[in-house]
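S.K.: quick check, what structure comes out for this input:
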Amino acid sequence: MAGHSKWSSIKHKKAAVDAKRGKIFTKLNKEITVAARLGGGDPTGNPRLRTALLAAKAANMPGDNITRAIKKGTGELEGVSYEEITYEGYGSGGVAILIETLTDNRNRTVGEIRALLGKNGGSMGENGCVAWIFEKKGFFIVAADGRSEDDMMEIVLEAGAEDLQQVEDNFEITCPLENFDTVHKALEEKGINPSTAELTAIPKNTVPVDESAARSNLKLLDLIDDHDDVQKVYSNLEIPDEVMAKIEEDL
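M.R.: A predicted model of the protein is given here:
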């Protein structure tokens with residue numbers, strides 16, 4: 001969990017910057033469009049769309065953008081057809097990297113992802129080389145806002161969460177995929193709006209690295225995450241607390 005938690009924390013800190021650049025909205029727009037294309041425009045009967053809309057709400061995505069994305073998916077508006085492709089690879093020190101993309105040109109995407117990895121201390125792997133390391137989970141980030149860990153634990157565990165950790169001024173909550181909606185509803189009923197509400201992939205084991213490899217891997221993950229076709233990137237990177245403290249001073 002440590003590798004996931006620290007990478008999530010860093011992504012959370014840069015989320016405001018990404019939002020200003022429109023990066024988050026671009027990724028959410030693609031996901032909503034694909035979800036609506038595959039399962040229809042009604043979130044009630046489309047769990048993937050429902051999850052995408054929760055993420056859009058957490059990111060304060062404008063309602064007009066959401067409506068257009070759904071209509072592009074259902075065919076009411078003209079839109080681009082995206083293909084879902086997952087890439088697997090390695091970073092410095094044998095760290096596993098899992099990359100989920102939505103692309104309208106697979107040849108362009110695979111070439112650019114391969115180049116990003118190769119130029120930044122990583123390498124592309126074969127299908128299945130690292131996917132087995134990760135488990136799909138529901139994931140929330142909630143501001144503590146004076147709530148105790150015991151109070152939050154009581155709310156989310158009864159709703160089906162399996163883990164809660166306090167990371168600085170936030171709580172990070174994980175749950176099985178099937179309990180995602182239940183946990184989110186439990187938070188809403190208490191007037192708690194997560195800043196992040198998404199499906200994620202958490203590593204079963206992590207790879208500890210030194211400061212040099214930590215910085216190299218974080219740079220690589222950031223570059224991959226910024227790629228226009230990348231929806232999500234996961235890693236089993238584990239950074240010791242003292243190393244993380246040095247890195248965070250530079251953020």
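S.K.: from the chain's centre, how far out does the strand ranked longest in the chain sit?
M.R.: Determined from DSSP state E, the single longest strand within the chain is strand 134-143. Here strand 134-143 is found 8 Å from its chain centre; the criterion is C-alpha atoms, centre = their mean, to the nearest Å.
S.K.: tell me the angle of the following helix or strand past it relative to strand 134-143?
M.R.: Downstream of strand 134-143, the next assigned helix or strand under DSSP states H and E is helix 149-158. Counting by axes from the mean of the first three to the mean of the last three C-alpha atoms, to 10 degrees, helix 149-158 lies at 130 degrees to strand 134-143.
S.K.: after helix 149-158 comes which helix or strand?
M.R.: strand 163-167.
S.K.: partner strands of the following helix or strand past that following strand, with direction?
M.R.: Later in the chain than strand 163-167, the nearest helix or strand by DSSP H and E is strand 170-175. Using DSSP bridges, strand 170-175 pairs in its sheet with strand 134-143 (antiparallel), strand 163-167 (antiparallel).
S.K.: hey, which of these is tucked in deepest?
M.R.: Sort the strands paired with strand 170-175 by mean neighbour count, taking mean count of other C-beta atoms under 10 Å, and strand 134-143 sits at the top with a mean of 19. For glycine as for every other residue, the C-beta is placed from the backbone atoms N, C-alpha and C.
S.K.: and it, average pLDDT?
M.R.: Averaged across strand 134-143, pLDDT comes to 93.
S.K.: which other residues reach it?
M.R.: Under the contact criterion C-beta atoms under 8 Å, 6 or more residues apart in numbering, strand 134-143 has outside partners 8, 12, 96, 98, 152, 169-177, 179-180, 183-184, 187, 192, 194-204, 234, 236.
S.K.: let's see that with 7 Å instead.
M.R.: Outside of strand 134-143, the residues within contact range by C-beta atoms under 7 Å, 6 or more residues apart in numbering are 12, 98, 169-177, 179-180, 183, 187, 192, 194-204, 234.
S.K.: low-confidence bits of this protein, can you list those?
M.R.: For the chain, the stretches with pLDDT under 70 are 1-21, 251.
S.K.: quick one: the strands in it?
M.R.: Along the chain, counting by DSSP E, strands occupy 83-90, 96-103, 123-124, 134-143, 163-167, 170-175, 196-203, 207-208, 230-235, 237-238.
S.K.: indicate which one of these is closest to N217.
M.R.: Of all the strands of the chain, strand 237-238 sits nearest to N217, with 5.1 Å by C-beta to C-beta.
S.K.: who are the packing partners of that closest one?
M.R.: Applying 3 or more C-beta pairs under 7 Å, 6 or more residues apart in numbering; DSSP states H and E, we find strand 237-238 packed against helix 2-21, strand 207-208.
S.K.: what is the shortest one packed up against?
M.R.: Using 3+ C-beta pairs under 7 Å, 6+ apart as the contact criterion, the neighbours of strand 207-208 among helices and strands are strand 237-238.
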